[in-house]
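**Q** model this:
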Amino acid sequence: MKIKYPHRSIRLLAVLTSFGIAPYAGAEVLTLTSGADSMLRSDVSSSNFGSDTGFFVGTLASSGANDLRLVFSYDLSTLLPAGATISSISFTLTQRSPDGTSADKILSLSLASLTQSFAESQVSWNNRQTSNLWTTLGGSIGTTLSTTTAFTKSVANTLVTFSSSTSFVSVAQSALDTASTFNFLVYAPDQEGLTDRALTSFYSKENGISSLNPALTITYTVAAVPEPSSVAILAGSVALAMGVWCKKKHSRLGLTQG
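**A** Residues are numbered from 1 along each chain as shown. Here you go, the predicted model:
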């Protein structure tokens, strides 16, 4: 009679669990506050704002091009442990004092992936790096990862957070797995192209107070690695447990060895 045993991975998981060894370590939370950041202004399309202590999103009160966007970049492969699996990711900006002449508006903000990298000290509306144009001026926008709102007249230090989403996690995980920088943009798509002055201001990482910096918060897990001595004990325990299981299985089927 042919005896069918449970799938090998199921047996192993059961044995690991029975000995109190989880296949993954507990979730860890990491908050990153030192990524590259800058502002893009369509009215001064060749200017760089990478060293500014704050920046704006929205539109200026002028005719023609007057849109303001923010770009961010994080090298996750140097900040997260090898083999990390991201389960949640969010991004928080801290508002500065409101602009005195901005219209009272609730701006709809979008956080979208960038399909190209940039240099913080060189990036502008036109260029991602010196002499290297964006494929699309103003930043090569990819997938929208999260949305939120911000009131133009909010008091200073109000937090504006882009919550986690499936696409947010997926794009960040892809950047981690390929050792690529995670690049994204924040803008107010519904406000762009309008000629009223409607904008909100946020602190950059250059503001001098780290608690006010843009903050990327990542929840992740890493596969647990037992100590060498634990591996030896586990190997023996697995062999013993599987032997007992097989003996019981034979016994129930009325089979004996001899």
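**Q** so Ser146, which of the three states?
**A** strand (DSSP: H, G, I helix; E, B strand; the rest coil).
**Q** just the helices in this structure please.
**A** 8-18, 166-177, 228-252 (DSSP state H).
**Q** State the mean pLDDT of the longest one.
**A** Taken as a whole, helix 228-252 carries a mean pLDDT of 51.
**Q** One more: the second one?
**A** Taken as a whole, helix 166-177 carries a mean pLDDT of 98.
**Q** for that helix, the distance to its chain's centre please.
**A** 7 Å (Cα atoms, centre = their mean, to the nearest Å).
**Q** Show me what that helix is packed up against.
**A** Packing partners of helix 166-177 (3 or more Cβ pairs under 8 Å, 6 or more residues apart in numbering; DSSP states H and E): strand 85-94, strand 141-151, strand 182-187. In this view, the C-beta of every residue, glycine as well, is placed from N, C-alpha and C.
**Q** In that helix, which residues are buried?
**A** Phe168, Val169, Val171, Ala172, Gln173, Ala175, Leu176 (16 or more other Cβ atoms under 10 Å).
**Q** My read is that the fifth one contacts Ile86, right?
**A** In this case it means Gln173. Yes - using Cβ atoms under 8 Å, Gln173 is in contact with Ile86, at 4.8 Å.
**Q** Endpoints of stretch 91-103, how far apart?
**A** Length of stretch 91-103, first residue to last, Cα to Cα, to the nearest Å: 26 Å.
**Q** Correction: the previous question concerned stretch 36-55.
**A** Stretch 36-55 stretches 13 Å from its first residue to its last (Cα to Cα).
**Q** which residues sit against that stretch?
**A** Residues outside stretch 36-55 that contact it (Cβ atoms under 8 Å, 6 or more residues apart in numbering): 56, 60, 62, 64-74, 96, 118, 120-127, 137-139, 201-208, 214.
**Q** List only those of the residues you listed flagged as buried.
**A** Using 16+ other Cβ under 10 Å as the burial test, these include 56, 60, 65-74, 96, 118, 120, 123-127, 138-139, 201-207, 214 as buried.
**Q** Please work out which of the helices and strands packed on helix 166-177 is packed deepest.
**A** strand 182-187 (a mean of 24; mean count of other Cβ atoms under 10 Å).
**Q** So Thr94 sits against Lys205, correct?
**A** No - counting by Cβ under 8 Å, Thr94 does not reach Lys205; the two are 10.9 Å apart.
**Q** Common neighbours of these two, please.
**A** Common contacts of Thr94 and Lys205 (Cβ under 8 Å, 6+ apart): Asn213, Pro214.
**Q** With adjacent residues omitted, what lies nearest to Gly164?
**A** Small correction: residue 164 is Ser, not Gly. Of all residues beyond its chain neighbours, the one nearest Ser164 is Ser88 (4.4 Å), with distances taken as Cβ to Cβ, 6 or more residues apart in numbering.
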